[in-house]
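Enquirer: fold the following.
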Amino acid sequence: MAPIIKVIIPAYNEAESIGKVIKQIPGYVNEIIVVNNNSTDDTAKNAKQSGAIVLTELNSGYGNACLKGINYIKQQVKKPDIIVFLDGDFSDYPEELTKIIAPIIERDVDFVLGARVKNLREKGAMQPQQIFGNWLATFLMRLFYKSKFTDLGPFRAIKYETLQSLKMQDPTYGWTVEMQLKILKQKHIYREIPVKYRNRIGVSKVSGTLKGSIFAGIKILTWIVKYSFK
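Expert: Residues are numbered from 1 along each chain as shown. Below is the predicted model of the structure:
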């Protein structure tokens, strides 16, 4: 029997890109959920027209948007087997979802991260502060947890039951690293799959601003230090 797969896309002012993202998600996905996080443009309208379920989250923050999508799924009678998280800016290649979920289906892996490796990354797709932040965060995870993660990429797939066990809570930029730290702490089976990465449509809300970069860096380091002493 084919697994039930649902995609959650947190989105803030992604009107230009959201339709492209949705249209390139493989057709076997059972439900695409776009969480409109206080957008002031036509993100919600364009997502709905492209066939997605659109939810509204008034509390700003990447984590808040992801939690809204998870809570929506929790209310459903038929639970999915796999949840995929994907950004709405078209920097990832949605068609690569097939290889992201393959280790879960074929090898019973709990969590798969799409790693934005240098040789598959478009020039300029990641800012210097992002590259350094990823290096520092994954270095600390290797140091404290013997982790094999090399990235904190947003394109990721996880078993629904594993996701529930993590009890995710970070409302903002710490969401991705929180998930990876909890995967490590709970000793779930994980894999990284190299994925392509291109320049996003529009300006990044995190790496595109000094404030966003600093805040994201603080959040990520706080989670790592906090968990290393638990």
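Enquirer: which residues touch stretch 21-33?
Expert: 2, 4-9, 14, 34, 47, 50-55, 69, 72-73, 80, 84, 86-90, 92-95, 97-98 (Cβ atoms under 8 Å, 6 or more residues apart in numbering). For every residue, glycine as well, the C-beta is placed using N, CA and C.
Enquirer: so for it, what's the average pLDDT?
Expert: Computed over stretch 21-33, the mean pLDDT rounds to 98.
Enquirer: any idea how far apart the tips of it sit?
Expert: 12 Å (Cα to Cα, to the nearest Å).
Enquirer: and the gap between the residue sitting nearest the centre point of the chain and residue 84?
Expert: In the chain, the residue lying closest to the centroid (Cα atoms, centre = their mean) is residue 154, at 3.1 Å. Noted for residue 154: a distance of 11 Å to residue 84, by Cβ to Cβ, to the nearest Å.
Enquirer: OK, contacts around residue 50?
Expert: 18-19, 22-23.
Enquirer: now with 10 Å, please.
Expert: The contact partners of residue 50, by Cβ atoms under 10 Å, 6 or more residues apart in numbering, come to 18-23, 25, 32, 34.
Enquirer: helix or strand: which one has residue 64?
Expert: Under the criterion of DSSP states H and E, residue 64 resides in helix 62-74.
Enquirer: helix or strand right after that helix?
Expert: The first helix or strand that comes after helix 62-74 along the chain, using DSSP H and E, is strand 82-85.
Enquirer: other SSEs contacting that next one?
Expert: The contact analysis (3 or more Cβ pairs under 10 Å, 6 or more residues apart in numbering; DSSP states H and E) places strand 82-85 against strand 5-11, helix 62-74, helix 97-107, strand 111-115, strand 156-159, helix 160-166, helix 175-185.
Enquirer: flag every buried residue along stretch 59-70.
Expert: 61-70 (16 or more other Cβ atoms under 10 Å).
Enquirer: and for stretch 98-118?
Expert: 100-101, 103-104, 109-117.
Enquirer: for these, which one is nearest residue 184?
Expert: residue 111 (9.8 Å; Cβ to Cβ).
Enquirer: hmm, residue 156 and that closest one touching each other?
Expert: Yes: counting by Cβ atoms under 10 Å, residue 111 touches residue 156, with 7.1 Å between them.
Enquirer: got any residues that touch both of these two?
Expert: With Cβ under 10 Å, 6+ apart, residue 111 and residue 156 have common neighbours 179-180, 183, 190, 192.
Enquirer: residue contacts, residue 43?
Expert: 9, 11-19, 34-37, 54, 88.
Enquirer: now intersect those with the strands, please.
Expert: 9, 11, 34-36, 54 (DSSP state E).
Enquirer: closest one to residue 203 out of these, please.
Expert: Nearest member of the ones in strands among the contacts of residue 43 to residue 203, counting by Cβ to Cβ, is residue 11, at 14.2 Å.
Enquirer: okay, residue 132: pLDDT?
Expert: So, for residue 132, pLDDT stands at 83.
Enquirer: quick one: it from residue 146, how far?
Expert: For residue 132, the distance to residue 146 - Cβ to Cβ - is 22 Å.
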